[in-house]
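**Student:** Just to be clear, the model below is a prediction. Sequence and coordinates:
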Amino acid sequence: GELQELLEKLKEWCEPWHFGFMESRAAAPLRLVLFLKQGLHNLEQALTKINAPQIPQAGWELLQKIDALGIFKYMLDVDVLDDQMGDTIGVELIPQDAIYPAVQQRLVQTEKFAALMELLQQYNVADARIDGLKKTIFAASMDADTYIYSRISHFKLRWQRGEALPAKAYVQL
């Protein structure tokens with residue numbers, strides 16, 4: 001019922017990717033992850049349409065600078081509570097052309113990736129520890145006959161009640 005109505009409001013700009021209950025959190029919200037069909041283009045409209053918290057100005061600046069790098073597609077994370085939207089918004093940055101480990105190893109050596117690392121630190125959503133991420137991508141062997149690898153699944157930028165939270169990097173090993 002209510003979830004279907006929410007998805008209906010967003011169908012022009014988003015399509016559902018996955019959802020699940022965050023039972024470890026006090027309010028046990030329903031986390032809804034939506035693929036943004038046109039990237040960041042309609043993100044502000046989508047948030048307004050569902051009465052979700054807005055992303056602060058500094059967050060928009062960061063997202064626009066990241067978007068200019070041209071290396072990501074995007075997903076939106078929102079929490080659905082009983083009678084309202086949760087107070088945290090997440091934007092997932094999915095490497096669009098670097099799904100496979102060998103391609104990611106090339107990506108993390110580019111100027112665009114270096115620019116991303118600088119932006120995350122400049123906007124105080126990451127610190128120097130993020131420099132270790134590049135090494136992580138090369139941590140597992142890439143022999144032709146093995147399926148052992150390390151890659152970045154996605155980054156997540158988060159805002160709660162208008163304040164930036166530390167960014168997350170999801171790494172698959």
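**Tutor:** That came through fine.
**Student:** Start from the N-terminal end of this protein and give the strands.
**Tutor:** Listed in chain order, the strands of the chain (DSSP state E) span 14-21, 30-36, 72-80, 85-95, 151-160, 163-172.
**Student:** so which of those strands gets nearest residue 42?
**Tutor:** strand 30-36 (7.1 Å; Cβ to Cβ). Glycine gets a C-beta too; all of them are placed from N, C-alpha and C.
**Student:** ok, back up a step: need the strands of the chain in a markdown table with mean pLDDT and mean neighbour count, can you?
**Tutor:** Formatted as a markdown table, the strands of the chain follow (pLDDT from 0 to 100; neighbours: other Cβ atoms under 10 Å):
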| stretch | mean pLDDT | mean neighbour count |
| --- | --- | --- |
| strand 14-21 | 83 | 14 |
| strand 30-36 | 91 | 19 |
| strand 72-80 | 93 | 21 |
| strand 85-95 | 93 | 20 |
| strand 151-160 | 93 | 19 |
| strand 163-172 | 93 | 14 |
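**Student:** With distance to residue 135 as extra columns, can I get these in JSON lines?
**Tutor:** Compiled in JSON lines, the strands of the chain are given as follows (distance: least, Cβ to Cβ, whole Å):
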{"stretch": "strand 14-21", "distance to residue 135": "29"}
{"stretch": "strand 30-36", "distance to residue 135": "28"}
{"stretch": "strand 72-80", "distance to residue 135": "21"}
{"stretch": "strand 85-95", "distance to residue 135": "17"}
{"stretch": "strand 151-160", "distance to residue 135": "12"}
{"stretch": "strand 163-172", "distance to residue 135": "11"}
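**Student:** To residue 132, which of the ones you listed lies closest?
**Tutor:** Taking Cβ to Cβ, strand 163-172 is the member of those nearest to residue 132, at 9.8 Å.
**Student:** tell me the angle the closest one makes with strand 151-160.
**Tutor:** Here strand 163-172 runs at an angle of 160 degrees relative to strand 151-160 (axes from the mean of the first three to the mean of the last three Cα atoms, to 10 degrees).
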